[in-house]
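A.B. asks: need a structure here:
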Amino acid sequence: MRLFGTAYAHCDLPCGVYDPAQAKIEAQSVKMILEKMQDMDGDDRIRAVLVKEERSELVKHHLMVLWADYFKPEHLEQFPTLHETFWNAIKQASACKHHSDAADGEKLLKMVEEISDMFWATKKA
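C.D. replies: So this is what the prediction gives:
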């Protein structure tokens, strides 16, 4: 049974809702967890690993939504490296899941910030 009629839209979310802030918050969490993990052991380290992996996966999710749903072909003209930048950032989030080097978290945060800069530049255009 359908309760509503068919809705048509050019993207999943209403315009103006997309924002890289969610990915950035999660990337900051990953970075901080990786830094703090260096001094942890036992149950604390196990819990940190679980949270780090969850937050890394959330970074990937938020980036993939932006990449697939917000950015359009005209943005590629403005940022020819857009696809490669997203692909590398998503791969870096995966690296944070697999490793415990604090430098990986810093690298991820910088990549997310680069994507954020691209996003806001498209909003000004």
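A.B. asks: for stretch 32-41, the distance to its chain's centre please.
C.D. replies: 21 Å (C-alpha atoms, centre = their mean, to the nearest Å).
A.B. asks: could you pull out the buried residues of it?
C.D. replies: Residues 32-34, 37 are the ones in stretch 32-41 that count as buried (16 or more other C-beta atoms under 10 Å). Just so you know, the C-beta spots here come from the backbone N, C-alpha and C atoms, and that holds for glycine as well.
A.B. asks: could you single out the nearest of the residues you listed to residue 54?
C.D. replies: residue 33 (9.8 Å; C-beta to C-beta).
A.B. asks: helix or strand right after the helix or strand bottoming out on mean pLDDT in the chain?
C.D. replies: One helix or strand of the chain scores below all others by mean pLDDT, DSSP states H and E: helix 73-78, with a mean of 94. Following helix 73-78 in sequence order, the next helix or strand is helix 82-98 (DSSP states H and E).
A.B. asks: what mean pLDDT would you report for that next one?
C.D. replies: For helix 82-98, the mean per-residue pLDDT is 98.
A.B. asks: show me how far it is from its chain's centre.
C.D. replies: With C-alpha atoms, centre = their mean, you get 9 Å for helix 82-98.
A.B. asks: tell me what that helix is packed against?
C.D. replies: Helix 82-98 sits against helix 21-37, helix 42-65, helix 73-78, helix 102-124, with contacts defined as 3 or more C-beta pairs under 8 Å, 6 or more residues apart in numbering; DSSP states H and E.
A.B. asks: what comes into contact with the last one?
C.D. replies: Residues outside helix 102-124 that contact it (C-beta atoms under 8 Å, 6 or more residues apart in numbering) are 18-21, 23-24, 27-28, 30-35, 37-38, 56, 59, 63, 66, 70-71, 75, 78-79, 82, 85-86, 88-89, 92-93, 95-96.
A.B. asks: that older thread, which one of the buried residues of stretch 32-41 is nearest to residue 101?
C.D. replies: residue 34 (6.9 Å).
A.B. asks: nearest residue to that closest one in space, please, no chain neighbours.
C.D. replies: Spatial nearest neighbour of residue 34, excluding adjacent residues (C-beta to C-beta, 6 or more residues apart in numbering): residue 105 at 3.9 Å.
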